[in-house]
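K.L.:
Would you be able to build a 3D model of this:
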Amino acid sequence: MLLQEVSLVLIAPFQKVVKHRVQLLTTILLTTTVVLFSCKKVATEEEKKLVLKDLFVEREPYNFILGTHAISGSYKLTNSNGLLEQAQKVREMGSNILKISLGKNSPETYGIREAVASKTTLDLFANNAAYKIACDLDFKYIFFWVHTLTNVDWKNNLSRANEKILYDEMYNFATYILNRYNNSGKTFLIGNWEGDWLLIPNYDRNATPSTAVLNNMAKWFQIRQKAIDDAKAASTSKNVYMYHYIEANLVEKGMNGQPCVAQSVIPQVNVDLISYSSYEAIKDKTYARKKSDLTAIFNYLESKLQPKSSLPFSRRVFIGEYGYQAESSRPATFQQQFEESKEIMKISFELNLPFALHWQMYNNEYDDVTKASKHMSLINEQGEKTRLYFLHQNFYQKMNTYLKEEKLKNNAYPNSEQFRAKAIEVLATL
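P.N.:
Numbers count the residues shown, from 1 in each chain. Predicted coordinates for the structure are as follows:
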């Protein structure tokens, strides 16, 4: 069986007729083995369980807006690799949104052993079964952190030859994804990690990036956008979607007229979407202040976008990261973390954002020696599901039930305005 056929078995909407499920389960067992052996990797028993566990929980193919990350994590709770483990945890929670890394360090971060280090993003994805298995699961929206696995340094050396290397890397990867997930109904969103930190050293928010580096970043993003646009134009695949986003994280600098991604880079790129890593706007503020500041920031970001048609989202800006820390020695901080997270969720619906992604499923700020933790995870270092986990899970369950009932009653899903109003109502009960 071809890999693309395997993928369609794994991700196709499951039939509601019960008698088909036994046959489907058998097919998945067989085809999962094919996927793994075709990638020259033998599945562990843990990985088989991860792929199949809870596979028949049906979620409506709707954008639930709220999601989380499966990017890194300083611990694992099973014998599987970190990617499959976290992807399954995200799915078990009820989310149909997955965000993962395809960066140069992601195999090490996830505990994926490569016999030979990948040289391109496509190599990384195609030659390692874990990435394909995670994305073959029935996630409707999949975010990729993608930079480059080539040796091109976009900051300092963007010769014509290097521009072509970067273009080919992204074009080939985008083409592969579109072909592999043909007729899957999936949407892929490809973007970068916090762009302003890529511009300046040592997380110094007061540093001013040089004009040369700003222009090189703009050129890099132009190349990525063109490669994705060209791959989509050349593809014959149907019912699979792909968009490119730029993530900024020091937007307030731009609003004050200072050089940064939002002020200096985005206006040069006809990008599809803007992701905002929102920590600067959400810390130590009241609900009203957070909403006011986020409203101003997203309006500002939208003013930097070039007009672009044929995009499925009513707004082209979203929260790529939000989250709050808590301290073991201060129990009250966990309640504050819970309430403030709910506030960001509510604001996301009130501002009609297409996504708001919490940081993250597993904690990446945890020291296994000192046991110091910032407690930002949905499942903690001891494997315990946190209040934030159950907040997400309960939201998904209630909204999924709402969608099912509305479709049964009206033979159609609610529109986005109705969904947002219901989401705000549900959050108030959680």
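K.L.:
What number of residues are in the vicinity of Ile165?
P.N.:
Counted with other Cβ atoms under 10 Å, the burial measure for Ile165 works out to 17 neighbours. In this view, the C-beta of every residue, glycine as well, is placed from N, C-alpha and C.
K.L.:
Show residues contacting the host helix or strand of it.
P.N.:
When elements are defined using DSSP states H and E, Ile165 is found to belong to helix 160-180. By Cβ atoms under 8 Å, 6 or more residues apart in numbering, the surrounding residues in contact with helix 160-180 are 3-4, 7, 120-122, 125-126, 132, 146, 148-150, 152, 154, 188, 190, 219-220, 223-224, 226-228, 230-232, 234-235, 237, 240, 242.
K.L.:
Go again with 7 Å.
P.N.:
If you take Cβ atoms under 7 Å, 6 or more residues apart in numbering as the criterion, helix 160-180 is touched by 3-4, 7, 120-122, 125-126, 148, 150, 152, 154, 188, 220, 223-224, 226-228, 230-232, 235, 237, 240, 242.
K.L.:
Report the secondary structure state of the nearest residue to Ala423 once chain neighbours are set aside.
P.N.:
In space, Ala423 comes closest to Phe349 once its chain neighbours are excluded; the distance is 4.9 Å by Cβ to Cβ, 6 or more residues apart in numbering. Following DSSP: H, G, I helix; E, B strand; the rest coil, the label given to Phe349 is helix.
K.L.:
which ones are touching Phe349?
P.N.:
Taking Cβ under 7 Å, 6+ apart as the definition of contact, the neighbours of Phe349 are Ile65, Arg420, Ala423, Ile424.
K.L.:
was I right about the last one contacting Lys346?
P.N.:
Yes - between Ile424 and Lys346 a contact is recorded at 5.8 Å, counting by Cβ atoms under 7 Å.
K.L.:
In terms of packing, which of those two has more residues around it?
P.N.:
Looking at Ile424 and Lys346 with other Cβ under 10 Å, you find the greater number of neighbours at Lys346, namely 19 against 15.
K.L.:
Could you measure from that one over to Asn215?
P.N.:
For Lys346, the distance to Asn215 under the criterion Cβ to Cβ, to the nearest Å works out to 39 Å.
K.L.:
same thing with Gln382?
P.N.:
Going from Gln382 to Asn215 by Cβ to Cβ gives 47 Å.
K.L.:
what about the two, which has more around it?
P.N.:
Neighbour comparison, Gln382 and Asn215: the larger count goes to Asn215, with 14 against 8 (by other Cβ under 10 Å).
K.L.:
and the more buried one, what helix or strand is that in?
P.N.:
With the criterion set as DSSP H and E, the secondary-structure element containing Asn215 is helix 211-234.
K.L.:
Could you list the buried residues of that helix?
P.N.:
Along helix 211-234, the positions that meet the burial threshold by neighbour count (16 or more other Cβ atoms under 10 Å) are 213-214, 216-229, 231-232.
K.L.:
for stretch 332-340, same thing?
P.N.:
The neighbour-count criterion (16+ other Cβ under 10 Å) identifies Phe334, Gln337, Phe338, Glu340 as the buried residues of stretch 332-340.
K.L.:
Distance from the chain centre to it, please.
P.N.:
For stretch 332-340, the separation from the chain centroid amounts to 24 Å (computed by Cα atoms, centre = their mean, to the nearest Å).
K.L.:
Next: stretch 236-253.
P.N.:
Relative to the centre of its chain, stretch 236-253 is centred 10 Å away, using Cα atoms, centre = their mean.
K.L.:
helix/strand/coil for Gly383?
P.N.:
Judged by three-state DSSP, the three-state class of Gly383 is coil.
K.L.:
so what's it closest to, chain neighbours aside?
P.N.:
The spatial neighbour of Gly383 that comes closest, neighbours along the chain excluded (Cβ to Cβ, 6+ apart), is Leu77 at 4.6 Å.
K.L.:
Tell me where the chain has strands.
P.N.:
66-68, 97-101, 141-145, 187-191, 241-248, 273-277, 317-322, 356-358 (DSSP state E).
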